[in-house]
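*Asks:* this is a predicted model, with the sequence first.
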Amino acid sequence: MPRSSSSANSAATGTPTGTPSSQRLPVNPRRHKVAPDQRKRVATANSSRDCQYPVVIDKVSIARSELEELRSKCAALESCLQEAVPDLPRRQLLLSRAGLGSTTPESPASSLNPQGSSVDDDQPPSDGRLLQDFDGTTRYLGETSGATFLDNLKQFMSTIFPLAFNGSQPDNQTAGSSFIATVGRYQTYDSRPLVTPAVDPLWLPPAEEMSAALDQLKYFVQEGGGITGGTIFMGNLTDLPSDPRMPMDQRNMRNIAFFQAALAYASLLHLTTANSKQDGQLGETFFMRAKLLLGNPLDISTYTSTDVAVMAVMGSYLLEVNRRDAGYMYITTALHVALMHGVHRGWSVDEQGKRVFWTIYILDRWISCLMGRPPSILDDAIRLDLPRDAPGLPPSIGLRANVELFKIAGHIVCNTYRIAPWPEASQKPASAHVDTALQMLASWRKDLPPPLQLSYETYSGDRPLCTLHMTYNQLLILTIRPILFMAVKKAVADRFVSRQWDIEDHAHIEHIRECSDAARRNLRLGRWLHTMSPGSKLLLPDLHNIFNAAIILLLHQIVFVNLRTNDVSDIAFSTEVFEREAGFGDRYGEDCARVLQDLSALVRRLRNLMFDGIPRISPHVDDGGRQVGGTASSPPGVLSSGASPSAYGIVTPPPQAVGAGGGGVGAGGGGSNIISIPVHGDGNALYQELMTWLDNDDLQMYNNYLV
């Protein structure tokens, strides 16, 4: 209630007054008085819950200099951890095991992300790749996949080649630029459906024509006409089916499906002329007949154990026409149908069915390596004994050896690359897995019976025997390839920073040489198969092995100074093989030829920078590594050995970007000219990347594959 001016004046003068206006008004009788123990804050009372006060945290006071020192140490430790373990998922796993979580400071990009996700979420994991085909479909390819390894190689080249192009990426006209530009992509026709013509599923060609086609199929993929009896067995391709127009039961209908699939596969063996591999000429009519007779591959109610042979042949056909995921589905489905009927335990199966099961096992293991995916069944789950010789069937010696070899392949996929590690092997270091795999392969070759031993001096007319040893060499390459790739990174980094690194001092130098020797053997076997096969026809496994061997020898040229003339010739042969396949209209062959051409150009340019001024003339070397006289010519396009780094447009880095010390001995020794690093933009980041390659463990790529 407002006070009067008189009362205000009285208060100011200190004069007491007894007027009613100076007295306090009484309490409102209608006001509800709340007891003290019932009183609450308004917000708490409205929400009907107790207040949650923040926990009191004990604070300590330290000097600012000490705080800055701790922050500096933390940043240095984080930097060291990132260099020691460059793989982000692996680094986060180690931190989580230590109970620390990620210590990486939040970047501005992540702080602006409304979902709060990390900026690294879109980065491909190191344990495999989600690769995109040229039709835009993305698929997962694991660590053993050649496409994944090639993508790693593309990323490596795209990182290092700004050094060779004056700190910028090569333009589209530069040799090798298309190889670098396809990072994250791989070549397949899986997204493109086969031509599906309208067909009569019961039609078969004349008996003479069918017999000739099946004889050629037996030569290429089954018996081979040699003492081994073949390394796979898909079924009886000798006894032709009866007239399909006659009344027949369901089992005979399935038998016709098997021959239709076999004829589809055999149709591919004749495509050795220009532009012969075109849609509509790939045996699609036979494949469609087999597909109609077989029915839905996922309808288990209509299948019997005899249908697995049909699906195995259809899957092999799809692999051959560059549809690997489709073939993967047919082969794995065939194996699961066999498991459903207990064939892996020996239930209701004769010798022929036993051989078909082991053939599907081999195909499953092979495509597991090819795609970098876990195999469909563990070896411990199989109780079926190995094939034996039986009347009316080819010798089983080759098939048995192939089964044992692909058991090792399964071990390499599961344990060496840790795609699906066995419990007893999950805690072993990477070096133990590599050594175990190499010992298993050495024992396999040593224990081969005399008919299966192969001389690289005279070779053999038994085609399956040659392909068996090509598979052995490819598994050697697969086991050692990550070590070689890490050596390539270190060799390149050593030539661009002041460090001392010599390939001859490498802890696994013998493994690296063994990998290169396996590649040389496979290219020689590839030449032999190309010569002995009718029409010089090579199947997909042959081409796959030749391509991988050529890649290894190109990487060998980065690590070692000297060039073997035989290596140059073998790489040229592999390029010619795929150029020939491209001439047939094969997109896979065209892509492989382009990769080899581009990679050869990139390696040539990289060697010019790395070994400029270093003698790189190598004597002719025979298969045993002995000098036989003569010299190898330098590769075309070699830059002048007297040119300085500035002649290549390379800028000398600032002092803080170069380590202390004199000239290091690079790959293979023989020189100390360290190429300077360009410092345009991210030069320092590139320097840090090179230092990381040098400091990485030689088995780093295996360690990245931890689950």
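*Replies:* Happy to help now that I have it.
*Asks:* by mean pLDDT, point me to the weakest helix or strand of the protein.
*Replies:* Across the helices and strands of the chain, mean pLDDT, DSSP states H and E gives its lowest value to helix 108-111, namely a mean of 32.
*Asks:* give me the element the spatially most central residue of the chain is part of.
*Replies:* The chain has residue 148 as the residue nearest its centroid, 2.8 Å off, counting by CA atoms, centre = their mean. For residue 148, the host element (DSSP states H and E) is helix 146-160.
*Asks:* what's the average pLDDT for that helix?
*Replies:* For helix 146-160, the mean per-residue pLDDT is 88.
*Asks:* from the contact counts, what lies against it?
*Replies:* Counting contacts by 3 or more CB pairs under 8 Å, 6 or more residues apart in numbering; DSSP states H and E, helix 146-160 packs against strand 129-132, helix 177-181, helix 463-496, helix 540-559, helix 587-610. To be clear about C-beta, it is placed using only N, CA and C from the backbone, and glycine gets the same treatment.
*Asks:* could you redo the last one with a cut-off of 6 Å?
*Replies:* Here helix 146-160 touches strand 129-132, going by 3 or more CB pairs under 6 Å, 6 or more residues apart in numbering; DSSP states H and E.
*Asks:* what comes up buried for the strand it packs on?
*Replies:* Neighbour-count burial for strand 129-132 flags 129, 131 (criterion: 16 or more other CB atoms under 10 Å).
*Asks:* kindly report the same for stretch 547-563.
*Replies:* Quick answer for stretch 547-563 (16+ other CB under 10 Å): 547-563.
*Asks:* how about stretch 227-241?
*Replies:* 227, 228, 229, 230, 231, 232, 233, 234, 235, 236, 237, 241.
*Asks:* ok, back up a step: please report how far the residue nearest to the centre of the chain lies from residue 184.
*Replies:* Going from residue 148 to residue 184 by CB to CB, to the nearest Å gives 11 Å.
*Asks:* run a quick neighbour tally on residue 510.
*Replies:* 10 (other CB atoms under 10 Å).
*Asks:* same question for the one 3 residues further on.
*Replies:* Here the count is done by other CB under 10 Å, and residue 513 has 17 residues near it.
*Asks:* what about it, is that helix, strand or coil?
*Replies:* At residue 513 the chain is in helix, as set by DSSP: H, G, I helix; E, B strand; the rest coil.
*Asks:* quick one on the thing from earlier: mind checking which of the buried residues of stretch 227-241 land in helices?
*Replies:* With DSSP state H as the criterion, helices contain none of these.
*Asks:* so which of those belong to strands?
*Replies:* Counting by DSSP state E, the buried residues of stretch 227-241 place none of their members in strands.
*Asks:* now distance to residue 70 and pLDDT too, for those, in JSON lines please.
*Replies:* Compiled in JSON lines, these are given as follows (distance: CB to CB, whole Å; pLDDT from 0 to 100):
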{"residue": "227", "distance to residue 70": "74", "pLDDT": "85"}
{"residue": "228", "distance to residue 70": "69", "pLDDT": "88"}
{"residue": "229", "distance to residue 70": "72", "pLDDT": "90"}
{"residue": "230", "distance to residue 70": "69", "pLDDT": "92"}
{"residue": "231", "distance to residue 70": "64", "pLDDT": "94"}
{"residue": "232", "distance to residue 70": "65", "pLDDT": "94"}
{"residue": "233", "distance to residue 70": "69", "pLDDT": "94"}
{"residue": "234", "distance to residue 70": "68", "pLDDT": "92"}
{"residue": "235", "distance to residue 70": "72", "pLDDT": "91"}
{"residue": "236", "distance to residue 70": "77", "pLDDT": "90"}
{"residue": "237", "distance to residue 70": "75", "pLDDT": "91"}
{"residue": "241", "distance to residue 70": "82", "pLDDT": "85"}
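*Asks:* among these, pick out the one closest to residue 465, please.
*Replies:* Residue 465 lies nearest to residue 228 out of these, by CB to CB, at 5.1 Å.
*Asks:* ok, the spatially closest residue to the closest one that is not a sequence neighbour to residue 518 distance?
*Replies:* Counting by CB to CB, 6 or more residues apart in numbering, residue 398 is the residue found nearest to residue 228 once chain neighbours are left out, at 3.1 Å. Distance from residue 398 to residue 518, counting by CB to CB: 21 Å.
*Asks:* I'd assumed residue 232 was in contact with the residue nearest to residue 228.
*Replies:* No: using CB atoms under 6 Å, residue 398 is not in contact with residue 232; the gap is 8.6 Å.
*Asks:* can you list the domains in the chain?
*Replies:* If you go by automatic domain parsing, the domain ranges for the chain are 207-452, 463-703.
*Asks:* all set, thanks.
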